[in-house]
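Chemist: from the sequence below, what's the structure:
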Amino acid sequence: MTAVDDVMRALDAHDESLDRCGLCIWVGAEPTYTDRMSEQSEWLFDALGDDKRHRADRILARLAGHEVGAAVIRSVGRQYGGEACPRWSLGLYARRDGKPVWNGPPDPSLTEPADSPPPKTLAKALTACLRSAGLSAKTLDSPLDHRVVFRADGEPPLTCVKKEPLLARPSVHDQRVEDAEVFDALAADGAFLICCDVEEGVLRVELPAIKEVPLFLKLLGVLSTAAISIDAPALILAGFPPPVDEHISWMTVTADPAVIEINMAPVSRTAELLKQLRQLDSVTVAEGLASYRLQYNGEESDSGGGGQITLGGASAEGSPFLTTPHLLPGLVRYFNRHPSLSYLHAFESVGPASQAPRADEGPRGALSELSLALELLGRTENPSPEIIWDTLTPFLADPSGNSHRSEINIEKLWNPFLGARGLQGLVEFRALRMGPSAETTASLAALLRAVAAMLAEHPCHDPLIEWRDELYQRFSLPYYLHRDMEEVLADLDKVGLGLGQPLVKYLLRDQDLVLTKCKIGGTQLEVRRALEFWPLVGDVATQERGGSRLIDASTSRVEIRLRANNADSALGDWKLSVDDWAIPLGDAEDAAGRVRITGLRYRRFVPQRGLHPTLGAQTPLSFCLSHPTDGAWRMTIHLWDPTGAAYPGLPKTIDEARSRRQARCVIEKLDKPPTSLIAPPDEAIGTHVVDLRWK
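Modeler: Here you go, the predicted structure:
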């Protein structure tokens, strides 16, 4: 049996463990993909671009080939500050039971081009079909005879533009979204406007906003009949996003800075999630896209767009976070006590200025207020969704109050300010980089789902921990994040929700962090990239209104571990130094034995704009290790090829990237150990990390 099969079996076992508990926790994911070989702006930092749109069209076409009877809908997307119009959003709308929702002409991405009838011909046929379906409908008078208005309540539709100017409104795709979501004022009044036009020679229908799934499915059926009746070879369905419920899956392909984002339809089983993620990997690879990036110097990074995971229920009202009121407060407590859930699979930079700060990374004093909020919520018998959301949303936000930027994001739990989009009973986990494989993302989904199931069955009332600098010291190092994650996995094992080794292998992220492993004397030296906390620069309030924020990314950290190769090695006699500083090494122990460990923080480069303009770059980073009998060694970590040669392009494979990283770490034997060492100043010494910027 292959390792891949082992992962699927482990996910099946996880799903069965939740079934035995009688818990229904749905899971969704938002994987992101990039062209890792491209240096065009749309694949580095811009949200929109022609190549990105063409790739998205082809991705949707490939996915639609696997969804017979699904409707391809090019709905209006999100509106962001500084952008003239809403972004595009390409979606697949399908029934979960496999029955078709669309029998009409295909989307043009699925067929060869052909001449189309005029829009007014479709409008006339559509009016007749709507009436045959029992709906009151009318084609507007010329020059708007390509538009149809109908009602589902039996009332005659208003057709006079002078009395109802919205009948002549422009395309929703060309309008700015001023509020939380795109709004259809006509539909809110019970009248539904359908606009028929032509886009690049293909008939196009702009759908109204319909809240009820049965009515929307009825409209799709009527549209299919009308389009077939006029022999339309292809048809574009556009307009407002469609309604969904537990019987409908709605997956979208959208644009985000540097990536294409796939908003997957939530599923009730992680084994099904893995199946769909593997399909996405196959489709995106066929389009030349990847879920990760390899930098010139061999650094491995995620796609650039994140890999959020969402938990909820089959419906908003059935969300476990609303039916089990103690679950969300317990989740907040548990995440506070286990920083590995926040940091181990996070981006390279974390902390209060990141895209997904923890609840305890806000201003001093906020944690005591959060503790009180959780206590008061616990005293409330059967709190309503409104009370749960009102109580926690001030704390699940970044320091500026932005509730979207939060590690545990509840803006779609029961948020009255986002319209229907905010009332979905969902909790989104945003502190997750895009996993390098489908198996990684599925394993993380199983972990979060298992933690939620554990807390639903075994409420967590443990007090919050005021970690203070321990967050930025101990938990910046991969070693301690692994130990903490092992505690989480042990908790799951105790209550019968353990995940199994095939999944644990993906959860204990490590290989992409390793810079080098080598033997020095009787000791194993391991150097890993650690987490950093990059600060915002400039006017934070002003930056909140923009699409991106200015940060100082000039600092970096490495973790240094020493392990004995044999029982005779005197691990405690090793000394570490940087120039004339004697660097303290901490002692720890895990299943593999004793470890000596520390972290080093340094400035990689001088930014054009950032903190400390008089501080120079501290690269290459060099440190010495010495032992009374094993001798002295110098390790130098270069940012680029130590020979000064240019790389022949981006790494083609992960193995090639890791080889380049290894080559950047140069170790040499010294004739004698460094002498005249001094202790670093107190300001430079943390509990687990020494800040070399004080040198």
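Chemist: distance between stretch 43-63 and the chain's centre?
Modeler: Counting by C-alpha atoms, centre = their mean, to the nearest Å, stretch 43-63 is centred 18 Å from the centre of its parent chain.
Chemist: I misspoke; the intended subject was stretch 197-204.
Modeler: Mean-position distance between stretch 197-204 and its chain equals 35 Å (C-alpha atoms, centre = their mean).
Chemist: one more: stretch 126-144?
Modeler: 43 Å.
Chemist: and stretch 113-127, by the same measure?
Modeler: Distance, centroid of stretch 113-127 to centroid of chain: 41 Å (C-alpha atoms, centre = their mean).
Chemist: just the buried positions in it, please.
Modeler: Neighbour-count burial for stretch 113-127 flags Ser116, Pro117, Pro119, Lys120, Thr121, Leu122, Ala123, Lys124, Ala125, Leu126, Thr127 (criterion: 16 or more other C-beta atoms under 10 Å). The way it works is simple: take the backbone N, C-alpha and C, and place the C-beta from them, glycine included.
Chemist: got a list of what Glu683 touches?
Modeler: Asp691, Trp694 (C-beta atoms under 8 Å, 6 or more residues apart in numbering).
Chemist: where do the strands sit along the stretch 551-695 of the chain?
Modeler: Using DSSP state E, counting those that start in this stretch, the strands of the stretch 551-695 of the chain run over residues 555-564, 575-578, 581-583, 586-590, 593-603, 621-627, 631-637, 665-670, 689-691.
Chemist: redo these as CSV? Include mean neighbour count and distance to Asp12.
Modeler: Shown next, in CSV, are the strands of the stretch 551-695 of the chain (neighbours: other C-beta atoms under 10 Å; distance: least, C-beta to C-beta, whole Å):
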stretch, mean neighbour count, distance to Asp12
strand 555-564, 22, 36
strand 575-578, 19, 47
strand 581-583, 19, 48
strand 586-590, 12, 30
strand 593-603, 20, 35
strand 621-627, 20, 46
strand 631-637, 19, 43
strand 665-670, 14, 41
strand 689-691, 22, 42
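Chemist: among these, which is nearest Arg269?
Modeler: Nearest to Arg269, of all the strands of the stretch 551-695 of the chain, is strand 586-590, at 33.6 Å by C-beta to C-beta.
Chemist: quick one: mean pLDDT for the closest one?
Modeler: What strand 586-590 shows for mean pLDDT is 94.
Chemist: with stretch 228-237 instead?
Modeler: Averaging pLDDT residue by residue across stretch 228-237 gives 97.
Chemist: repeat that for stretch 32-41.
Modeler: Mean pLDDT, stretch 32-41: 97.
Chemist: and it, C-alpha only, in PDB?
Modeler: This file holds the C-alpha atoms of stretch 32-41, laid out as PDB (Å, rounded to 0.1, in the frame of the first residue of the first chain):
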ATOM      1  CA  THR A  32      -4.200  29.200  -3.700                       C
ATOM      2  CA  TYR A  33      -1.900  28.600  -6.700                       C
ATOM      3  CA  THR A  34       0.700  30.600  -8.500                       C
ATOM      4  CA  ASP A  35       3.000  30.500 -11.600                       C
ATOM      5  CA  ARG A  36       6.200  30.000  -9.600                       C
ATOM      6  CA  MET A  37       8.400  30.400 -12.600                       C
ATOM      7  CA  SER A  38       6.900  33.800 -13.600                       C
ATOM      8  CA  GLU A  39       8.100  37.200 -12.600                       C
ATOM      9  CA  GLN A  40       5.200  39.100 -14.000                       C
ATOM     10  CA  SER A  41       3.500  41.400 -11.400                       C
END
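Chemist: show me which residues of that stretch are buried.
Modeler: Under the neighbour-count criterion of 16+ other C-beta under 10 Å, stretch 32-41 has Thr32, Tyr33, Thr34, Asp35, Arg36, Ser38 buried.
Chemist: what does whichever helix or strand Arg131 is part of contact?
Modeler: Secondary structure from DSSP states H and E places Arg131 in helix 119-132. By C-beta under 8 Å, 6+ apart, the residues outside helix 119-132 that reach it are 137-139, 145-148, 150, 194, 196-198, 203-205, 222-223, 225-227, 229-230, 232.
Chemist: I'd like to know which of these are part of strands.
Modeler: Those of these mapping onto strands are 137-139, 147-148, 150, 194, 196-198, 203-205, per DSSP state E.
Chemist: make CSV out of the residues you listed and add neighbour count, distance to Thr380 and pLDDT.
Modeler: Listed next are the ones in strands among the contacts of helix 119-132 as CSV, based on neighbours: other C-beta atoms under 10 Å; distance: C-beta to C-beta, whole Å; pLDDT from 0 to 100:
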residue, neighbour count, distance to Thr380, pLDDT
Ala137, 23, 49, 96
Lys138, 17, 52, 96
Thr139, 22, 55, 96
Arg147, 25, 51, 97
Val148, 28, 50, 97
Phe150, 21, 46, 97
Ile194, 25, 46, 97
Cys196, 27, 52, 97
Asp197, 19, 53, 96
Val198, 15, 57, 96
Leu203, 23, 55, 97
Arg204, 22, 51, 97
Val205, 25, 48, 98
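Chemist: before we move on, the earlier item: could you tell me which of the buried residues of stretch 32-41 are located in strands?
Modeler: Those of the buried residues of stretch 32-41 mapping onto strands are Thr32, Tyr33, per DSSP E.
Chemist: quick revisit: return the helix holding Arg131 as PDB; C-alpha atoms alone will do.
Modeler: The C-alpha coordinates for helix 119-132 follow below in PDB (Å, rounded to 0.1, in the frame of the first residue of the first chain):
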ATOM      1  CA  PRO A 119     -29.900  39.000 -27.400                       C
ATOM      2  CA  LYS A 120     -33.500  40.200 -28.000                       C
ATOM      3  CA  THR A 121     -34.300  36.800 -29.500                       C
ATOM      4  CA  LEU A 122     -33.200  35.100 -26.200                       C
ATOM      5  CA  ALA A 123     -35.200  37.700 -24.200                       C
ATOM      6  CA  LYS A 124     -38.400  37.000 -26.100                       C
ATOM      7  CA  ALA A 125     -38.000  33.200 -25.700                       C
ATOM      8  CA  LEU A 126     -37.100  33.600 -22.000                       C
ATOM      9  CA  THR A 127     -40.200  35.600 -21.400                       C
ATOM     10  CA  ALA A 128     -42.400  32.900 -22.900                       C
ATOM     11  CA  CYS A 129     -40.700  30.200 -21.000                       C
ATOM     12  CA  LEU A 130     -41.000  32.100 -17.700                       C
ATOM     13  CA  ARG A 131     -44.700  32.400 -18.200                       C
ATOM     14  CA  SER A 132     -45.000  28.800 -19.100                       C
END
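Chemist: and it with strand 147-151, angle?
Modeler: On the basis of axes from the mean of the first three to the mean of the last three C-alpha atoms, to 10 degrees, helix 119-132 is oriented at 10 degrees to strand 147-151.
Chemist: how about Phe533: what's its closest non-neighbour residue?
Modeler: Excluding the flanking residues, the one nearest Phe533 by C-beta to C-beta, 6 or more residues apart in numbering is Gly351, at 3.5 Å.
Chemist: secondary structure class for that neighbour?
Modeler: coil (DSSP: H, G, I helix; E, B strand; the rest coil).
Chemist: confidence score at it?
Modeler: At Gly351, pLDDT is 89.
Chemist: same question for Leu492.
Modeler: For Leu492, the pLDDT comes out at 98.
Chemist: before we move on, the earlier item: let's have the buried residues of stretch 32-41 in TSV, adding distance to Asp12.
Modeler: Shown next, in TSV, are these (distance: C-beta to C-beta, whole Å):
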residue	distance to Asp12
Thr32	27
Tyr33	27
Thr34	31
Asp35	34
Arg36	32
Ser38	38
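Chemist: out of the buried residues of stretch 32-41, who's nearest Leu110?
Modeler: Distances from Leu110 to the buried residues of stretch 32-41, taken by C-beta to C-beta, are shortest for Tyr33, at 21.0 Å.
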